[in-house]
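**Student:** give me coordinates for this.
(2 chains)
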2 protein chains.
Amino acid sequence: MDEQPVRVTPRIPGGMLELTPGQQRQFNCMQQQIAGVYEQYGYAPIATPAMEWQEVLLAKGGGETAMQIYKIAGEELALRFDLTVPATRYAAQYQDRLAFPFRRYQMQPVWRGEKSQLGRFCEFWQCDIDVFGAASVLYDAEMPVVINAVFEELGLGDFTIWLNNRKILNGVLETIGCSGRETEVLRIVDKLERGDEAVLIGALENLDLSRTAIDELLAFVKMDGSDDELLAFLSGARYDSAVYRDGVDELITVMSAVRSAGVPERRCRINLGIARGLDYYTGTVYETTLNKYPTIGSVCSGGRFDNLANNYTERSLPGVGVSIGLSRLFWQLDRINALPVLSDTPATVMVAPLSPEVLNYALDVARQIRATWRSVLTQMDASMKPKAQFKYADALGVPYVIVIGGDEMAGGTVTLRCMRESHQEAQISLNEAIALMG
Amino acid sequence: MDEQPVRVTPRIPGGMLELTPGQQRQFNCMQQQIAGVYEQYGYAPIATPAMEWQEVLLAKGGGETAMQIYKIAGEELALRFDLTVPATRYAAQYQDRLAFPFRRYQMQPVWRGEKSQLGRFCEFWQCDIDVFGAASVLYDAEMPVVINAVFEELGLGDFTIWLNNRKILNGVLETIGCSGRETEVLRIVDKLERGDEAVLIGALENLDLSRTAIDELLAFVKMDGSDDELLAFLSGARYDSAVYRDGVDELITVMSAVRSAGVPERRCRINLGIARGLDYYTGTVYETTLNKYPTIGSVCSGGRFDNLANNYTERSLPGVGVSIGLSRLFWQLDRINALPVLSDTPATVMVAPLSPEVLNYALDVARQIRATWRSVLTQMDASMKPKAQFKYADALGVPYVIVIGGDEMAGGTVTLRCMRESHQEAQISLNEAIALMG
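**Tutor:** Reported below is the predicted structural model:
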């Protein structure tokens, strides 16, 4: 205790998002709004350990993922890189105790050792829902219904949920002669909306696609039109592929159920260019964009994954789900000032005793205000001068200060200061003060 | 997708607590209760990254801690082992933006590579509050006030918050000739209540304490009596030590303020045997026991740490705080059935369509029930037989099922089944059904 400490510069690793208390309050508020809607739709919370066996995490195959995981030194463990894989492991592990279809939500951080770039984080929160054992394609229709309710609740303006079906894309690839290379091709198609088209065409040529095939593929994924026009085109198109027809049937069923559930037409639209980069999707795929902030990209994405659980169990546990990347969404909205600015304290009133003698009275006043469900901060250091107390309240952003001096204690009153108006009501009753704070 | 997957047994690493959805709901409920009280006292939320620079985590010195941390392979990073060190780093790092005293709460998991034993976890949640820049010892009095409110809210029966002051113990050690060995001696004293006394006496003898010194120390820390008796003894005792007298003065001040703030006398008591194993505590120390479950040990502990921030900054940022080890508390209460058993779903009603034709009507009914703020689960697979639907609702623990068949759709009605009573009200209006669900 008396040793001279070795001083270390306080800092965090790169690519981590650390918030001010005010930002954290806003972040937590969004998190609670999302969880509230998830629960309203009957999704139950689960939480999985940060560390999993590497073998479990990488069961579905290595690739890019394996390069990005953080491994624990000297152990066969690694940090989870998403929530879908741990949740699938959970569903498989506890299959005898769970009732299927199993709806779960999960809101936890995940870690990826990506080269950090602006707005990409090495630690970020995901807010996922998935249904496991969702054999019926109608579960695919529940995702846009929940997404719609979540983004209505978040109040970030209007938004669009984009739907497509991997089977349709796979069917098209099959008929233009790209069978066996679907994953690589779709990973490139997934980048079309954000990337340089010439570069991506080059990448497709490198996969030995003919120029005709590429042109046909691009014309398909870039097709524009109303949902009815697109569905009419899809139904009438001459692609001779069973998987294509399956995909179109599924898309029709899903769109119809989404409409029945009350999602406005403008909010849920077909987009044949949505492919999703992940290779485990097998059917419906989703993306969501905020109409006011298109540059943010997709804020909620997902899809159907029929075979992921087969890495852990013989039992068929098809899944469908979506994920909100909350850290990225928060960071993007915050930097363009699209979020309300909250103060650094939840307290709406600070009780400020002006001398040690009145501390006991001040503590009692604080207790009484708390009984009205207000958040109350008591300034315990009664040696602080009034000016310093107000400065502190101002820095914290507390809207009201209750000043307690000798006169207040003697008269059983309080003095209420409204910080914004720099206005004071001296020696009023506590009930009056509470009423004035609204 | 068509490859035969290599099947991996779904499992988690040892020493991790993974809950059923029903348990997780209960866990989250406790977490929200704790956070709610923390906010009521003006503590603001922060969250720090799971990974910190090893140099930062270990700045206060290695010891046992250094052996227990999980390091990230190939990086100078490690997982946090507590929340106090990252919060102190946070307070030091953002000292120019924060208003001090800075009250923060933080509820996140921490990781320690301990040899796992029953009830000890390698990953566990802590729910901490701390005040940084808390120069006045009166902040020490706020901790029992908040702990009292938290455990009243949790409703686990009556409890006792035990208070002591490290300075008193250090003063005693000084006068019996143990200066310089305080940390080692107090780590042994800390184990007295749980350990074998003979073994601990042996350990003290190994530190070269005379038998007389040991007897005097043990008589001191085991002293029993009411708070008034103990304070009278402490004030009158003949320990000739400035640090001892400081400690007694602080204890008197803190106890008096705790009483003024309305904490019942039986709830906050002096215990001269409380030492806390951690070496960074410098003054007041706390433990909390549940009266009904004494074997659980301390469920909320902490203390004042005046110098921890000096590892990161020249500025004096004395801290005081407490921590609830929620995973351990939850696990202990759960295994003795001291917690309410919640169902595996938040849904209070399941809407069960009996054929694909009525799905649209069922979705609309679900939407209307949700508007009454109920959690509603829609069984999307309309090909499921009624019996299977009820079996599923029963397995999930949903109290009510709304059955939708052709007759219900034709008549604009619903059929309500109360699962517990196996009673059905056929073809009633939705409003009647909602009223019956209470």
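
**Student:** which single residue in the stretch 1-150 of chain A comes nearest to chain B?
**Tutor:** Going by C-beta to the nearest C-beta, chain B is nearest to A:G42 of the stretch 1-150 of chain A, at 2.9 Å. Every residue, glycine included, has its C-beta placed from N, CA and C.

**Student:** ok, that residue - contacts?
**Tutor:** If you count contacts by C-beta atoms under 8 Å, 6 or more residues apart in numbering or on different chains, A:G42 has them with A:R103, B:T345, B:P346, B:A347, B:M350, B:S375, B:V376, B:L377, B:T378.

**Student:** please apply the same query to A:I274.
**Tutor:** The neighbours of A:I274, taking C-beta under 8 Å, 6+ apart as the test, are A:W162, A:L163, A:N164, A:D190, A:V285, A:Y286, A:E287.

**Student:** that one: which element?
**Tutor:** Per DSSP states H and E: A:I274 is located in neither a helix nor a strand.

**Student:** for B:I129, see how far away it is.
**Tutor:** From A:I274 over to B:I129 the distance is 45 Å, taken as C-beta to C-beta, to the nearest Å.

**Student:** can you list the residues of the stretch 201-350 of chain A near chain B?
**Tutor:** Residues of the stretch 201-350 of chain A that fall close to chain B, judged by C-beta under 8 Å from any C-beta of the partner chain: A:257, A:260-262, A:279, A:282, A:307, A:310-314, A:344-347, A:350.

**Student:** neighbours around the closest residue in space to the residue of the stretch 1-150 of chain A closest to chain B that isn't next to it in sequence, how many?
**Tutor:** In space, A:G42 comes closest to B:L377 once its chain neighbours are excluded; the distance is 2.9 Å by C-beta to C-beta, 6 or more residues apart in numbering or on different chains. Using other C-beta atoms under 10 Å in any protein chain shown, B:L377 has 27 neighbouring residues.

**Student:** residues touching B:L377, list them.
**Tutor:** B:L377 touches A:Y41, A:G42, A:R103, B:T345, B:A347, B:V349, B:M350, B:V351, B:L396, B:V398, counting by C-beta under 8 Å, 6+ apart.

**Student:** can you give me the end-to-end span of stretch A:274-291?
**Tutor:** Start to finish, the residues bounding stretch A:274-291 are 17 Å apart (C-alpha to C-alpha, to the nearest Å).

**Student:** returning to that earlier point: quick one, phi/psi of the residue nearest to A:G42?
**Tutor:** phi -110, psi 130 (degrees, to the nearest 10).

**Student:** now do A:K222
**Tutor:** A:K222 has phi and psi values of phi -100, psi 10 when expressed as degrees, to the nearest 10.

**Student:** please report how far it lies from A:L192.
**Tutor:** 8 Å.

**Student:** now the buried members of the contacts of A:G42.
**Tutor:** Among those, those classed as buried by 16 or more other C-beta atoms under 10 Å in any protein chain shown are A:R103, B:T345, B:P346, B:A347, B:M350, B:S375, B:V376, B:L377, B:T378.

**Student:** which of the residues you listed sits closest to B:Y94?
**Tutor:** Of all these, B:Y94 sits closest to B:P346, with 36.6 Å by C-beta to C-beta.

**Student:** and the buried ones among the contacts of A:G42, which two are furthest apart?
**Tutor:** Maximum distance among the buried ones among the contacts of A:G42 (C-beta to C-beta): 13.8 Å, for B:P346 and B:T378.

**Student:** check whether stretch A:60-76 contacts chain B.
**Tutor:** Yes - judged by C-beta under 8 Å from any C-beta, stretch A:60-76 comes into contact with chain B through A:K60, A:Y70, A:K71, A:I72, A:A73, A:G74, A:E75.

**Student:** buried among those residues? Make that a ChimeraX selection.
**Tutor:** Entered in ChimeraX, the line below selects the buried ones among these, by 16+ other C-beta under 10 Å:
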select /A:60,70,71,72
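
**Student:** any idea what the residue nearest to A:G42 is bridged to?
**Tutor:** With DSSP bridges as the criterion, B:L377 is bridged to B:M350.

**Student:** give me the pLDDT for it.
**Tutor:** If you check B:L377, the pLDDT there is 96.

**Student:** cool, and A:G119?
**Tutor:** Per-residue confidence (pLDDT) for A:G119: 70.

**Student:** now for A:V403: which residues touch it?
**Tutor:** A:V403 is in contact with A:A352, A:L354, A:P386, A:Q389, A:V414, A:T415, A:L416, A:R417, A:Q424, counting by C-beta under 8 Å, 6+ apart.

**Student:** again with A:Q106
**Tutor:** A:P45, A:I46, A:A47, A:T48, A:L83, A:P86, A:A87, A:Q126, A:C127, A:D128.

**Student:** so which of those belong to helices?
**Tutor:** Counting by DSSP state H, the part of the contacts of A:Q106 found in helices is A:P86, A:A87.

**Student:** could you pick out which of the contacts of A:Q106 are near chain B?
**Tutor:** A:P45, A:I46, A:A47, A:T48.

**Student:** what's the closest of those to B:L209?
**Tutor:** Out of the ones next to chain B among the contacts of A:Q106, the member with the shortest distance to B:L209 (by C-beta to C-beta) is A:A47, at 46.0 Å.

**Student:** tell me where the stretch 101-250 of chain A is predicted with low confidence.
**Tutor:** A:115-118 (pLDDT under 70).

**Student:** pretty sure A:A92 sits against A:L308.
**Tutor:** No - counting by C-beta atoms under 8 Å, A:A92 does not reach A:L308; the two are 9.3 Å apart.
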